[in-house]
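Asker: What shape does this take:
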Amino acid sequence: MPGPVALVGAGEFLAPMAEFDRGLLAATGRARPRVVVVPTAAAPDGEQTFLRWAEMGMAHFTSLGAEVEPVLVRTVAEGDNPDVLQAIGEADLVYLSGGHPGHLRRVLGGSPLGAAIADAHQRGATIAGCSAGAMAIVDRCMEPRRLPVPRLRAPLPLGIRWPAGVGLADHVAVMPHYDAFPETLSALIVLQAPRGIVVLGIDEETAVLGRNGAWQVHGRGRVTVWRGHRRQRFRRGDAFRL
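Answerer: Purely as a prediction, here's the structure:
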């Protein structure tokens, strides 16, 4: 049976998400779950940033009682490493952290790494993605070109594309950091989604956990579900189906 999929708006490896991550580990049923951290989306920001995310993931999940291994995949070529693919194949939880969604999607789609993650999901492993990680593992990866604007916490996304992601959640796209943008802007973006695609606007320090079409909200914020022009809000503990 396919495993759960966790989509996180922002806050990976930080204290506000520890309760949620502890629940992901407990759900594996293992006393010491095997976690693989994939910081690939941060590779365009330089080696120091890339390694920092790997180290943060290791420290975070080790403190929660897991056995943790980072897979240091920066490029499509490194996604063909047999040791990396074996680590994914043995993992109980695969966690893809944030950064650049387009880069992550290209690495996952251009190497065996994406297929290995999909296979792990099919055999029952939990696959979690935060921010860019969440964007790349669902059906469509929302890829914005970003423009910094003073006094906004996040740059404005422009020139939206919707290429195929790994496909772990059918007919779904993710807009992370949803509460960092004015919702009028968010609406302009999500209404560009392809017909039939549901866009999940996930607030920071908030997650939605899904399996077999049933989803539940965790964390401090909200998940905004856009089905075309129809908008629904869900808070911690709320459940919905897609």
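Asker: can you give me the helices for the chain?
Answerer: Under the criterion DSSP state H, the chain carries helices at the ranges 18-27, 47-63, 82-90, 101-110, 112-122, 132-137, 183-190.
Asker: Highest mean neighbour count out of these?
Answerer: Mean neighbour count, computed with mean count of other C-beta atoms under 10 Å, is highest for helix 132-137 among those, reaching a mean of 30. Yep, even glycine has a C-beta here, placed from its N, CA and C like the rest.
Asker: just to revisit the earlier point, and the helices of the chain, which one's lowest on average pLDDT?
Answerer: If you rank the helices of the chain by mean pLDDT, helix 183-190 sits at the bottom with a mean of 90.
Asker: Residue 88 touches residue 115, doesn't it?
Answerer: No - taking contacts as C-beta atoms under 8 Å, residue 88 lies outside contact range of residue 115: 9.6 Å.
Asker: how about the strands of the protein, start to end?
Answerer: Assigned by DSSP state E, the chain shows strands spanning 5-8, 34-38, 67-70, 93-96, 126-130, 143-147, 156-161, 172-175, 198-202, 206-211, 214-219, 222-227, 230-235, 239-241.
Asker: Residue 79 is nearest to which of these?
Answerer: Across the strands of the chain, residue 79 has its closest neighbour in strand 34-38 (9.9 Å, C-beta to C-beta).
Asker: Which residues does that closest one contact?
Answerer: Contacts with strand 34-38, where a contact means C-beta atoms under 8 Å, 6 or more residues apart in numbering, come from 25, 53-54, 57-58, 61, 66-71, 73, 87-88, 90-97, 113, 117, 133.
Asker: who does the nearest residue to residue 90 once chain neighbours are set aside bridge with?
Answerer: Excluding the flanking residues, the one nearest residue 90 by C-beta to C-beta, 6 or more residues apart in numbering is residue 34, at 5.9 Å. Beta-bridge pairing for residue 34 (DSSP bridges): residue 67.
Asker: Around residue 34, how many other residues sit close by?
Answerer: Look at residue 34: counted by other C-beta atoms under 10 Å, it has 18 neighbours.
Asker: what does residue 65 give?
Answerer: 13.
Asker: okay but it is in contact with residue 25, surely?
Answerer: Yes - using C-beta under 8 Å, residue 65 is in contact with residue 25, at 6.8 Å.
Asker: so which of the strands of the chain gets nearest residue 137?
Answerer: With C-beta to C-beta as the measure, strand 126-130 is the member of the strands of the chain nearest residue 137 (4.6 Å).
Asker: residues contacting residue 210?
Answerer: Residue 210 touches 4-7, 169, 216, 242, counting by C-beta under 8 Å, 6+ apart.
Asker: ok, now how distant is it from residue 49?
Answerer: Relative to residue 49, residue 210 is positioned 29 Å away (C-beta to C-beta, to the nearest Å).
Asker: again, but for residue 65
Answerer: 27 Å.
Asker: Which residues are in contact with each of residue 65 and residue 25?
Answerer: residue 33.
Asker: re the thing from before, which of the contacts of residue 210 sits closest to residue 229?
Answerer: The closest of the contacts of residue 210, once distances to residue 229 are taken by C-beta to C-beta, is residue 242, at 16.9 Å.
Asker: Next one, pLDDT for the closest one please.
Answerer: You'll see residue 242 listed with a pLDDT of 92.
Asker: Pull the number of nearby residues for it.
Answerer: For residue 242, the neighbour count with other C-beta under 10 Å is 15.
Asker: same deal with residue 2?
Answerer: Per other C-beta under 10 Å, the neighbour tally for residue 2 reads 15.
Asker: Test my guess that it contacts residue 125.
Answerer: No - counting by C-beta under 8 Å, residue 2 stays clear of residue 125, with 9.0 Å between them.
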